[in-house]
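1. My questions concern the predicted model and sequence given below.
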Amino acid sequence: MPEARRIVATDCGSTTTKAILIERVDGGYRLLGRGEAPTTVEAPYDDVTVGVSNALEELQELTGRRFLAGGRIATPCTDDLGADLYLSTSSAGGGLQMLVTGVVKTMTAESAQRAALGAGAIVIDVIAIDDGRADHERIARIRAIRPDMILMSGGTEGGTVQHLLDAAELLVAADPRPRLGRGFRLPVIYAGNSAAREGVEQVLSDRVDLLAVDNLRPQLERENLGPAREAIHRLFLEHVMAQAPGYDRLLTWTSAPVMSTPRAVGEMVQLAAREEGADVLAVDIGGATTDVFSVFGDQFHRTVSANLGLSYSVCNVLAEAGAGGIRRWIPAPVADRDLRNRLRNKMVRPTTIPQSPDDLLIEQAVAREALRLAFTHHVALAAGLKGVQQARTMADLFTQAASGATLVDMMSLGLIIGSGGILSHAPRREQAALMMTDAFEPQGVTRLAVDSIFMMPQLGVLASVLPEAAMEVFRRDCLIPLGTVIAPAGRAREGETVLTWEIGSERGELRAGELHRLPLAAGEKAEATLHPRRGLDVGAGQGRRWVGTVEGGAVGVLLDGRGRPLELPGDEQARIAKMGQWMRAAGAMPGKR
Amino acid sequence: MPVAYTPGLRVSASTILRQTRRLPMRGEVLVRAGDLVSADQVVARAQRPGNAQVVRAAQALHLEPNELQAHLVKRPGETVQAGEVIARTQGLWGLLKNEVRSPVAGVVEEVSPTTGYIRLREPPTIIELRAHVAGRVVQVIGGEGAVIEARGALVQGIFGVGGERRGRLRRAVEGPDQPLPASAISDCRGCVLIAGSGADGEAISRAAEAGAAGLVVGAVSDEALGRYVGYDIGVAITGQEAIPMTLIVTEGFGELPMALRTWDLLVSLEGELASINGATQIRAGVIRPEIIVTREAAAAGEAEAAPEQVLVVGSAVRVIRDPHFGALGRVVALPPELTEIETESRVRIALVKLERGDEVRVPRANLELIQE
């Protein structure tokens, strides 16, 4: 790779397109600026490169550099115009809406539906021979819903073949057009009776992007959902998510292939875990999807919750968590009706941002639930057989998930990294810290950090071309330490002392139901001695003293005596008072600086 | 120059419209390129074969399968009515005769000498595809459908439920800021009602019961929407709901006056036949609901450039998020630097002089351009 003096990288999210400028300064690479603009996947543009140009225009205005010439980015850089390297990631394709076909609705079709849901998809329709519809109705439906992917199932091993061939013919007749158009073939996963595989391939392989995996219901009494789930996940990541109108044009602009956003972030998370030498949990929360990454020991896991997000998917978070689930995080009375209307308005105008403090509190409440649900999904899938050497492929991960225990150990977790607009651009870093603490409920002693300006995707793709440049910028400009959370695991009665602590020259007692913040600046460390109450654990065992070093950051040290699992008061007035108290203690209440 | 923030929904009194119409199965296209078609005209038709019914006739008549042929009353190719005798044995001197009757109306398709079964085929179902919009056929898609082009008015909604329907536009309230009370809905069979700022669950149900083809309204509450469709909509992919009336929302959720421009255009078209579709998909490759009133067929080769979306000082805009949701105004300044707003976020803003007189700072992401 030739010397790259000026690097521009963009991340095309489903809602916002973010551009960063990196330049070589005094022998090292540094971040010089950032610009953003709404992603342009809606008419009249229908072209993701319009949003890229807009984000680059903003970057030009804010940095005084020039990148654009003739309606596109100029590469390489000549006469101070353009960039030597232009890279991009994309998740502009948004969430995953699937169609499932099976033979009997309550049998194979139901298993297929479970496989799709387990992979984080939304199933928009289930087509089966006993679904009560005529073929032309099924065809009209397939055309209208424009699924992102189709999962075909049916027939136990040795069972029906003809019904699967009929289903394949039905797809041929429907001729489903992928919603993102040109040059893109609809992914279809075949997970039915293996005896029908060849016939299905003959019918479909010229028309769709067909991938055959093991039968997801080989016997009536046995399911084998792992291979289908893994295939859904992989095809979504590689084929659906990054696609968007204008994607082919974007490919002609970039100096290296466009990488899907979760893949890029996953690269950086693994580099970060190596750099930090700790177990790491990272999250990237977007408009359509929320991606969770974990590194425990040498195990890396990535899950994409394809319909949990803060704009396009916001009403799916509402549907999954319920209005009450979201409202519980808001330190003010909010009528369900008002909450629901506001979230619907965000859904139909996904690129808008909160302007009033109450709107911000609502979005941050939704974020807590999206993070919590995505994390639950990750914990369920990041599982393995105890005592068995783990392979690192997603296929094995999913196969083992059925019988294994989760590999996510909150007590051994050393660092949580938050990325995504709501965390990286929270007006106060304290808000990001509290959102992650509430959603993930770390136990023991855990450091928190955020991606400073939401650039892990761009650094991830840069790492594939210039790894040293990516790591330099990551170390210097990307990861912002927020500090350390100390949370005894277990529960005690309100007001009881749960922890006696000494941190640096400070000492005190933490009571159940209390959140206490201790200033400790970024770069500072303090010796800590923690004595948890009998029955509670901060990492050395129940009731046992923990001695070690804690690190500071933009927030400092959060002593969290709220108990694990975290429970909020059932009484509405008490809940509001408690949430307000915790937010003020953490410095996270907007407009009260 | 900042280009393109949130593009406005299209509200145009005259634009070129292009509709692709496709059958759900192969069939016969009934129009030719160049034909003028009306909205209700059938442009393509397909026959869905009827269901097959098998009658174990030889068994019922106590015959060997190869003896059945001699006892048929109805032969392959002949039509039968439900209950009509299709095979019979005479018995002794005409007594003790046995009969087999057809369980359905249809055609005798096959008589098997091997199994002694009679296969009957019910009549085919005809699937008709209508033009949906009046205009000129510009392309025939062999065996599948046609592309129709026309000039007419187009109003895009922000969200809708329910599929394609057609009806005459009828104003149901006096102004764009008035909600539609259930009590104001009387006979509106086949109409597309134009309401103002909102319609509650009762008004929506009443309109549907009264036979309205559609209801176009500024806003609805999430509660009213859930009550009408019968469930909570998670992701915005709609258009296939089993509901009797199509509902199109032009502004958003809650109670919001219909934008004056939208209202004025719809009211000016009162009495005209509107083709509406509530189908919405809010994701990459967006689909928004539509209200179309065609005026004339487009001239051959006529095309219309999409309006340029440029936010400049002087641009007419609408605020699309609280605290000024729905307010109209003009951009008076576009400061390039990041500015702190009420949430303490630092974002790019526009200074907007609202129609009501005050000047406010609004994040650029919360502005919708209004085409003038």
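-> Good, I have the coordinates.
2. Please name the nearest non-neighbouring residue to the one residue in the stretch 351-500 of chain A that gets nearest to chain B.
-> In the stretch 351-500 of chain A, the residue that lies nearest chain B is residue A:427 (3.6 Å; CB to the nearest CB). All C-beta spots, glycine's among them, are computed from the backbone N, C-alpha and C. The shortest distance from residue A:427 to any non-neighbouring residue, by CB to CB, 6 or more residues apart in numbering or on different chains, is to residue B:344 (3.6 Å).
3. didn't residue A:146 look like it was pressed against residue B:281?
-> Yes: with contact taken as CB atoms under 8 Å, residue A:146 and residue B:281 are classed as touching, separated by 7.0 Å.
4. For the residue of the stretch 351-500 of chain A closest to chain B, which residues are in contact?
-> Shown here is residue A:427, whose contacts under the criterion CB atoms under 8 Å, 6 or more residues apart in numbering or on different chains are A:360, A:590, B:343, B:344, B:345, B:346.
5. helix/strand/coil for the residue nearest to residue A:427?
-> Each residue gets one of three states, and residue B:344 gets coil by DSSP: H, G, I helix; E, B strand; the rest coil.
6. what's the answer for residue A:92, then?
-> Assigned with three-state DSSP, residue A:92 falls in the coil class.
7. any idea of the pLDDT on it?
-> Among the per-residue scores, residue A:92 holds a pLDDT of 83.
8. Name the nearest residue to it, ignoring sequence neighbours.
-> residue A:244 (3.5 Å).
9. which SSE is the one you found in?
-> Per DSSP states H and E, residue A:244 falls between elements, in no helix or strand.
10. From residue A:89, how far out is it?
-> Using CB to CB, to the nearest Å, one obtains 12 Å as the distance from residue A:244 to residue A:89.
11. Equivalent analysis for residue B:324, please.
-> The gap separating residue B:324 from residue A:89 is 34 Å, by CB to CB.
12. So which of the two has more stuff around it?
-> Under the neighbour definition other CB atoms under 10 Å in any protein chain shown, residue B:324 and residue A:89 were set side by side, and residue A:89 has more, 28 against 22.
13. low-scoring stretches of the stretch 51-200 of chain B, by residue?
-> B:92-96 (pLDDT under 70).
14. Would you map the helices across the stretch 51-200 of chain B?
-> In the stretch 51-200 of chain B, the segments counted as helices under DSSP state H, counting those that start in this stretch are B:57-60.
15. The stretch 451-593 of chain A too?
-> Along the stretch 451-593 of chain A, counting by DSSP H, counting those that start in this stretch, helices occupy A:456-463, A:467-473, A:572-586.
16. To residue B:290, which of these lies closest?
-> With CB to CB, the closest approach to residue B:290 among the helices of the stretch 451-593 of chain A belongs to helix A:456-463: 35.2 Å.
17. Just the C-alphas of that closest one, formatted as CSV.
-> Extracted in CSV, the C-alpha atoms of helix A:456-463 (Å, rounded to 0.1, in the frame of the first residue of the first chain):
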residue,chain,number,x,y,z
MET,A,456,-15.1,2.4,15.0
PRO,A,457,-16.7,1.3,11.7
GLN,A,458,-14.4,3.5,9.7
LEU,A,459,-11.3,2.4,11.7
GLY,A,460,-12.3,-1.2,11.2
VAL,A,461,-12.3,-0.9,7.4
LEU,A,462,-9.1,1.1,7.6
ALA,A,463,-7.5,-1.7,9.7
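18. What strand or helix carries the residue in the stretch 1-150 of chain B that chain A sits nearest to?
-> Using CB to the nearest CB, the point where the stretch 1-150 of chain B gets nearest to chain A is residue B:24, with a distance of 4.1 Å. Under the assignment given by DSSP H and E, residue B:24 is not contained in any helix or strand.
19. quick one: it from residue A:165, how far?
-> Distance check for residue B:24 against residue A:165: by CB to CB, it reads 20 Å.
20. what's the answer for residue A:213, then?
-> Using CB to CB, residue A:213 is found at 18 Å from residue A:165.
21. likewise residue B:341?
-> In this structure, residue B:341 lies at 59 Å from residue A:165, with CB to CB as the measure.
22. And those two? Which one has more around it.
-> Taking neighbours as other CB under 10 Å, residue B:341 and residue A:165 compare with residue B:341 leading, 21 against 15.
23. what sits against residue B:255?
-> By CB under 8 Å, 6+ apart, the contact set of residue B:255 is B:179, B:197, B:198, B:218, B:219, B:221.
24. Just among those, which is most surrounded?
-> residue B:218 leads the contacts of residue B:255 on contacts (other CB under 10 Å) with 30 neighbours.
25. Now that one: closest residue in space that isn't a chain neighbour?
-> If you skip the residues right next to it in sequence, residue B:218 has residue B:258 as its closest partner in space, 3.6 Å away by CB to CB, 6+ apart.
26. Neighbours of the closest residue to residue B:113 other than its chain neighbours, how many?
-> With CB to CB, 6+ apart as the measure, residue B:66 is the residue that lies nearest to residue B:113, at 4.9 Å, once sequence neighbours are left out. Other residues within reach of residue B:66 by the criterion other CB under 10 Å amount to 12.
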